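**Student:** pasting the sequence and the predicted coordinates here, then a few questions.
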Amino acid sequence: MNRESILMLVDDSHFERACADLNVDVTVVYGAPQRDWGMMVVPSGKRQVFVEDARNIESVILGLYRAGLTPSTFDAIYSTTEGGVLTAAALGAAFGVPSIPVQVAAAFRDKALAKAAISKAGIDTAEFIVIDDLHGLAEDFSMPFETAVLKPVAGGAAHHASMIESDADLQAAAKRAREHGKLRTFILEEFISGEEWHADGVMFGGSLRFISVGGYRKTCLGTISDKEWLRTYVFDPVADVEVYDRVTPLAEQALQTLGLEDGVFHMELFYDAESDRLAFGECAARRGGALIEEEVCYQFGVSLAEMAVHCALGTQPVIKPDVRPGVVGSAYLPYTPGILHSTPSAAELTALPNVEFAMVEWPIGITLEPVVSTAMKIGQVLLTASSREELFQRGDEVVSWFRERTVIVPTQATSRELREWYARTAVDGSRAHSSWKRKGADE
Ligand SMILES: Nc1ncnc2c1ncn2[C@@H]1O[C@H](COP(=O)(O)OP(=O)(O)OP(=O)(O)O)[C@@H](O)[C@H]1O
Ligand SMILES: [Mg+2]
């Protein structure tokens, strides 16, 4: 029997490793951002096709034909990238290849479609309105909510999301969008207070087969606006069983409402301890980003990437969680804007107590931009501890340790400021910040 073969839009090293482990062929269509990042892993048996934009259906179809490939020859089409999920669905529909149905992909991708369906099903979620064109916001537009969150209707990584507390705030956001933004269609939602949680798991045959529930130490929006660095944790399925009992039925009902039959998901929820309100936030029909794969593997011994391969091929995944006691979580590693000179290595990070896994992601010499989304960080660590308090404390210590040892050259500095910075930082101590020497002259 021929090996099964998956067409993948945008690379995902975990998914590709799982394909290799399961003896499944994978052809990866990748675009300019992935090529320029320069870190794509190439396991044997994997074919790569370069196109300008691997999330754009025209770009993908033309690139595949140029490479002599026909989409209809694959056994499944899949994407772990938020902007690629609907493209994979549309390609699957056009070429008769199993993929997520288009309507389902749309319901997950568009925050307004999702929330309309969720609230119709009687599940608690934020009230919302859609602003079709923020650039054309009427001058007398009146906010329907006292406090709201404004964000692109199909965005990601909290980019362009902002708190809106008055009509004037909304007008200011419209002005910013007109001046700087290409984005036009936004959703304005009632602000929901409380903690932000996330649920990651697997649906198969329309039923929930596995769920891991975790949280963000501070909400994603709060983290960005307070200029902090994202921190996550996973609830212990034994010690925090009441959290699982509360989230599981809501998550399964939401996933069934949105129509996910077979697939891995990443859901966000809000929980307010004061009012005991648990509300649906949003859900993606793909694995979560950051270190979700590593966190779930550590806590449960389950690879969501591997489950995604099974689901894409329509084979029932065998999921046998092997729960490890203790708490696992992750921390983003910080930076300040500037040019990256040096950082501790991943090996130095994993030599620290409580650090199970580390990634330091940016090349030396890169210009690090100011943080505007939860996709931005210089690296990440997976942390383990015996309690959530210890996890947070160790996370703080590791982040400070990393920050103190990271050297970033300021940009837009004068020569004098750079000399002063160099003298202060003494990067390697080997060179004065300015010097003259004539051959043979006395020291
Ligand atoms: N209605 C709301 N009430 C309170 N906070 C909200 C609300 N909507 C969004 N947020 C905050 O804004 C963040 C970004 O919003 P949302 O998750 O909907 O968009 P996103 O850009 O797709 O995010 P990501 O890709 O990071 O999951 C959320 O993680 C949350 O912290
Ligand atoms: Mg989100």
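**Tutor:** Thanks, I have it. What you see is a predicted model, and the numbers here were worked out from it, not measured in a lab. Ligands and ions are numbered 1, 2, ... in the order given.

**Student:** when you work out contacts or count neighbours from here on, use the C-alpha atoms and nothing else.
**Tutor:** Fine.

**Student:** can you give me the helices in the stretch 1-150 of the chain?
**Tutor:** Using DSSP state H, counting those that start in this stretch, the helices of the stretch 1-150 of the chain run over residues 13-21, 32-37, 57-66, 82-95, 102-109, 111-120.

**Student:** in the stretch 301-443 of the chain, which residue sits nearest ligand 1?
**Tutor:** Residue of the stretch 301-443 of the chain nearest ligand 1, by C-alpha to the nearest ligand atom: Thr374 (6.0 Å).

**Student:** which non-adjacent residue is nearest that residue?
**Tutor:** Excluding the flanking residues, the one nearest Thr374 by C-alpha to C-alpha, 6 or more residues apart in numbering is Ala157, at 4.9 Å.

**Student:** what's the pLDDT at Phe280?
**Tutor:** Looking at Phe280, its pLDDT is 98.

**Student:** three-state assignment of it?
**Tutor:** Secondary structure, DSSP: H, G, I helix; E, B strand; the rest coil: Phe280 is strand.

**Student:** same question for the one 3 residues further on.
**Tutor:** Secondary structure of Cys283, reduced to three states by three-state DSSP: strand.

**Student:** that one reaches Leu260, doesn't it?
**Tutor:** No: between Cys283 and Leu260 there is no contact, the gap being 10.6 Å when judged by C-alpha atoms under 8 Å.

**Student:** dump the residue contacts of Ala67.
**Tutor:** If a contact means C-alpha atoms under 8 Å, 6 or more residues apart in numbering, then Ala67 has Val49 as its contacts.

**Student:** now do the same for it: its pLDDT.
**Tutor:** For Ala67, pLDDT reads 95.

**Student:** again, but for Asn23
**Tutor:** On the pLDDT scale, Asn23 gets 94.

**Student:** what about it, how many neighbours?
**Tutor:** 13 (other C-alpha atoms under 10 Å).

**Student:** now it: phi and psi?
**Tutor:** phi 60, psi 40 (degrees, to the nearest 10).

**Student:** residues in contact with stretch 308-316?
**Tutor:** Contacts of stretch 308-316 (C-alpha under 8 Å, 6+ apart): 15, 18-19, 75-78, 98-99, 202, 204, 262-264, 286-287, 317.

**Student:** roughly how far does Val243 sit from ligand 1?
**Tutor:** Using C-alpha to the nearest ligand atom, to the nearest Å, Val243 is found at 19 Å from ligand 1.

**Student:** cool, and Val238?
**Tutor:** Here the criterion is C-alpha to the nearest ligand atom. By it, Val238 lies 26 Å from ligand 1.

**Student:** where's that residue, which helix or strand?
**Tutor:** Using DSSP states H and E, Val238 sits within no helix or strand.

**Student:** pLDDT wise, what is it at?
**Tutor:** For Val238, the predicted pLDDT is 94.

**Student:** export the helices of the stretch 1-150 of the chain to TSV and tack on distance to ligand 1?
**Tutor:** Formatted as TSV, the helices of the stretch 1-150 of the chain follow (distance: least, C-alpha to the nearest ligand atom, whole Å):
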stretch	distance to ligand 1
helix 13-21	19
helix 32-37	18
helix 57-66	21
helix 82-95	8
helix 102-109	9
helix 111-120	7
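
**Student:** what's the least confident stretch among the ones you listed?
**Tutor:** Across those, helix 32-37 gives the lowest mean pLDDT, at a mean of 90.

**Student:** give me the buried positions along that helix.
**Tutor:** Within helix 32-37, the residues scored as buried using 16 or more other C-alpha atoms under 10 Å are Gln34.

**Student:** let me see the contact set for the residue nearest to Thr374.
**Tutor:** Contacts of Ala157 (C-alpha under 8 Å, 6+ apart): 373-375.

**Student:** now do His160
**Tutor:** Per C-alpha under 8 Å, 6+ apart, neighbours of His160: 151-152, 372-373.

**Student:** can you give me how far stretch 210-230 is from the chain middle?
**Tutor:** 11 Å (C-alpha atoms, centre = their mean, to the nearest Å).

**Student:** got it, and stretch 90-102?
**Tutor:** Relative to the centre of its chain, stretch 90-102 is centred 24 Å away, using C-alpha atoms, centre = their mean.

**Student:** how about stretch 150-167?
**Tutor:** For stretch 150-167, the distance to the chain centre is 16 Å (C-alpha atoms, centre = their mean).

**Student:** now it: buried residues?
**Tutor:** Using 16+ other C-alpha under 10 Å as the test for burial, stretch 150-167 gives 150-156, 158-164, 166-167.

**Student:** ok, stretch 300-309 next?
**Tutor:** Buried residues in stretch 300-309 (16+ other C-alpha under 10 Å): 300-309.

**Student:** from the middle of its chain, how far away would that stretch be?
**Tutor:** 17 Å.

**Student:** OK, contacts around Glu295?
**Tutor:** 234, 328-330, 382 are the contacts of Glu295 under C-alpha under 8 Å, 6+ apart.

**Student:** go ahead and report the secondary structure state at it.
**Tutor:** helix.

**Student:** tell me which parts of the stretch 151-300 of the chain are close to ligand 1?
**Tutor:** For the stretch 151-300 of the chain, the contact set with ligand 1 under C-alpha under 6 Å from any ligand atom comprises 155-159, 161, 189-193, 219-221, 282.

**Student:** any idea what Ile129 is bridged to?
**Tutor:** When bridges are called by DSSP bridges, Ile129 pairs up with Leu188.

**Student:** pLDDT score assigned to it?
**Tutor:** Ile129 carries a pLDDT value of 97.

**Student:** wait, doesn't it sit right on Leu188?
**Tutor:** Yes: between Ile129 and Leu188 there is a contact under C-alpha under 8 Å: 5.4 Å.

**Student:** neighbour-wise, which of these two wins?
**Tutor:** For Ile129 versus Leu188, the count of surrounding residues by other C-alpha under 10 Å is larger for Leu188: 27 against 16.

**Student:** wait, the more buried one sits on Thr147?
**Tutor:** No: Leu188 is not in contact with Thr147 according to C-alpha under 8 Å; the separation is 9.8 Å.

**Student:** returning to what we had before: among the residues of the stretch 151-300 of the chain next to ligand 1, which lie within strands?
**Tutor:** 189-190, 282 (DSSP state E).

**Student:** which of these has the most neighbours?
**Tutor:** Glu189 (24 neighbours).

**Student:** kindly provide the distance from the nearest residue to that residue once chain neighbours are set aside to Leu150.
**Tutor:** The shortest distance from Glu189 to any non-neighbouring residue, by C-alpha to C-alpha, 6+ apart, is to Phe128 (4.2 Å). From Phe128 across to Leu150, the span is 10 Å (C-alpha to C-alpha, to the nearest Å).

**Student:** who touches both of those two?
**Tutor:** Counting by C-alpha under 8 Å, 6+ apart, the common neighbours of Phe128 and Leu150 are 187-189.

**Student:** just the closest of those to ligand 1, please.
**Tutor:** Of those, the one sitting nearest to ligand 1 (C-alpha to the nearest ligand atom) turns out to be Glu189, at 4.8 Å.
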